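1. sharing a model prediction with you, sequence too.
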Amino acid sequence: MLRYAKTQPLGFKNAIERVAIVGAGGTVGSHITAALLGTGKHTVKALTRRDSKTKLPAGVIAAPIDYNDPASLVAALKDQQFFIITIAPTAPRNTHSKLVQAAAKAGVPYVMPNGYAGDVEQVQFGQDTLMGPAAKAQRDEIEQLGMRWVNVCCGFWYDYSLAGGSARFGFDFDKRALTLYDDGNTKNSVTTLDQVGRTVARLLSLKELPEDEADTSLTISQFWNRPVYVTSFVLSQNDMFASVKRVTGTTDADWTITSEPSKQRYAQGLAQVKAGNMAGFSKLLYARAFYPEDPGNLSAKAQNKLLDLPEESLDEATKKGVDLVEVLKGRAERMAN
């Protein structure tokens, strides 16, 4: 049943102002947090482990939590209107459920679950990548607890994936080597981390409800229990490579280029995962997205114009990805020590 702002209790403000987020210092969470702060319309509360050393941006409210103390989670989420979950895939399996259950007890009406990639409506793709069933269970739990969800479907994060090694978009910048999936011409829709942040900020800056029956403006209520589709570019590996060469001032002669069948790489990655080697997960995930007959292309559903998102420069995004190589390398070295 459609709700209107005019029918809400006295004192109702038709805006999302109080936003909680877990993972505010993480890969995508840091971009979402920065974009929300940049609107000037939201207070941002970051749920952080009590022993966390992550430095949060100025203006973010820190809420120390203990995942083994449900009361600390509920207290941190009290009076929040929207809860954004961004957690690492290596987090304990029950982490997401703990957060969602705490949000329900705290009375949070909306949750953005931990899914910022493929199309939630592409069921076979989700099954093949092993992510779909778990993601659906997360959305179902949110609904069963009486809350509503909004998912961001953005394809792979372009800059992050470009920098992530040969198991992702095939680039090994240290060795100047590129592994193409098949002929390298299958196109995928990809999104920069900045664009994901802007998407969430634009969404949460909308009115929550239509004012009345005559109000046809875009509102958050139109996305209740639905995905939001966004993209920055639609690219093949060869398109990416052309941009990389422009950004790095290199030519084909500077690179070692090989190719592998996408289905073969998928099978290799799946076998590794089944053997308990999670290093194969990225290989199966990205290889599956480059199947020529069924790629991870969300561009036909993109809602960029609806959310008034800007067009981006491919080469600027590529440069960020190239620069990110050293950042990720340094982060890995620190974690190893």
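-> Okay, I see it.
2. give me the below-cutoff pLDDT ranges for this protein.
-> 1-2, 330-337 (pLDDT under 70).
3. just the helices in it please.
-> Using DSSP state H, the helices of the chain run over 29-39, 70-77, 95-106, 123-128, 132-144, 158-162, 193-204, 237-248, 262-274, 280-289, 314-336.
4. next, format those as CSV and append distance to Ile220.
-> Where C-beta positions appear, they are placed from N, C-alpha and C, glycine not excepted. What follows is those, written out as CSV (distance: least, Cβ to Cβ, whole Å):
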stretch, distance to Ile220
helix 29-39, 14
helix 70-77, 18
helix 95-106, 16
helix 123-128, 25
helix 132-144, 15
helix 158-162, 26
helix 193-204, 7
helix 237-248, 34
helix 262-274, 37
helix 280-289, 29
helix 314-336, 28
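5. how about those helices, which one is nearest Arg226?
-> Closest of the helices of the chain to Arg226 is helix 132-144, at 10.3 Å (criterion: Cβ to Cβ).
6. contact partners of that closest one?
-> 96-97, 100-101, 111, 113-115, 120, 123, 125-127, 148-149, 151, 225 (Cβ atoms under 8 Å, 6 or more residues apart in numbering).
7. could you turn the buried ones of those into a PyMOL selection?
-> The PyMOL selection below is limited to those of the contacts of helix 132-144 classed as buried (16 or more other Cβ atoms under 10 Å):
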select buried, resi 96+100+101+111+113+114+115+120+125+126+148+149+151
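8. at the geometric centre of this protein, which residue sits there?
-> Centroid-nearest residue in the chain, with Cα atoms, centre = their mean: Tyr116, separated by 2.7 Å.
9. please name the bridge partners of the closest residue to that one other than its chain neighbours.
-> Excluding the flanking residues, the one nearest Tyr116 by Cβ to Cβ, 6 or more residues apart in numbering is Val152, at 5.1 Å. In this entry, Val152 is beta-bridged to Val228, by DSSP bridges.
10. now do the contacts for Val152.
-> The neighbourhood of Val152, defined by Cβ under 8 Å, 6+ apart, consists of 112, 115-116, 196, 199-200, 227-228, 230.
11. any chance of CSV for those, columns distance to Phe12?
-> CSV is the format used below for the contacts of Val152 (distance: Cβ to Cβ, whole Å):
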residue, distance to Phe12
Met112, 22
Gly115, 30
Tyr116, 30
Val196, 30
Thr199, 26
Val200, 23
Pro227, 27
Val228, 24
Val230, 29
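12. great, nothing more from me.
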